[in-house]
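J.: just coords:
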């Protein structure tokens, strides 16, 4: 539900004279807000886990992956996570970019384009790393990484 739709429903509730109807409308809006917040928290947890796995595999600190640092390997890690969130998890491009320092949808689309280009060329030097990371993400058995202090890897 968009912001405009919520405001429209609120305006109807304000014009309504029946107290019971008002309560029903406000309860509906609160329920929608809770569902969106829960969904966003789940996506943020998933993005954190993907960042930790990428950090562990590529041996790059996760805070560098989340930052705007522009080293080739770091940028590649960011691209892979954005690609996975957008293409596999089916998050919108703006939501996929929000996790990384609130980058816009164009950055996510560029990431998807770059990763697709690398995956189509098996001779690329990062092909094996990207393929392995995507397979790790697809596995969804992240318990293997729970024994490690993933945030502290340098």
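T.: Thanks, I have it. Since we're looking at a predicted model, the values are computed, not measured.
J.: OK, contacts around residue 84?
T.: 50, 134, 137 (C-beta atoms under 8 Å, 6 or more residues apart in numbering). The way it works is simple: take the backbone N, C-alpha and C, and place the C-beta from them, glycine included.
J.: flag every buried residue along the helix or strand hosting the second one.
T.: Looking back up the chat, that one is residue 134. Taking DSSP states H and E as the criterion, residue 134 maps to helix 127-139. Under the neighbour-count criterion of 16 or more other C-beta atoms under 10 Å, helix 127-139 has 129, 130, 133, 134, 136, 137 buried.
J.: what is the burial count for residue 52?
T.: 20 (other C-beta atoms under 10 Å).
J.: surely it and residue 63 touch.
T.: No: Residue 52 lies out of contact with residue 63 (C-beta atoms under 8 Å); the separation is 11.2 Å.
J.: ramachandran angles for the residue positioned nearest the centre of the chain?
T.: The residue lying closest to the centre of the chain (C-alpha atoms, centre = their mean) is residue 96, at 4.1 Å. Dihedral pair for residue 96: phi -70, psi -40, per degrees, to the nearest 10.
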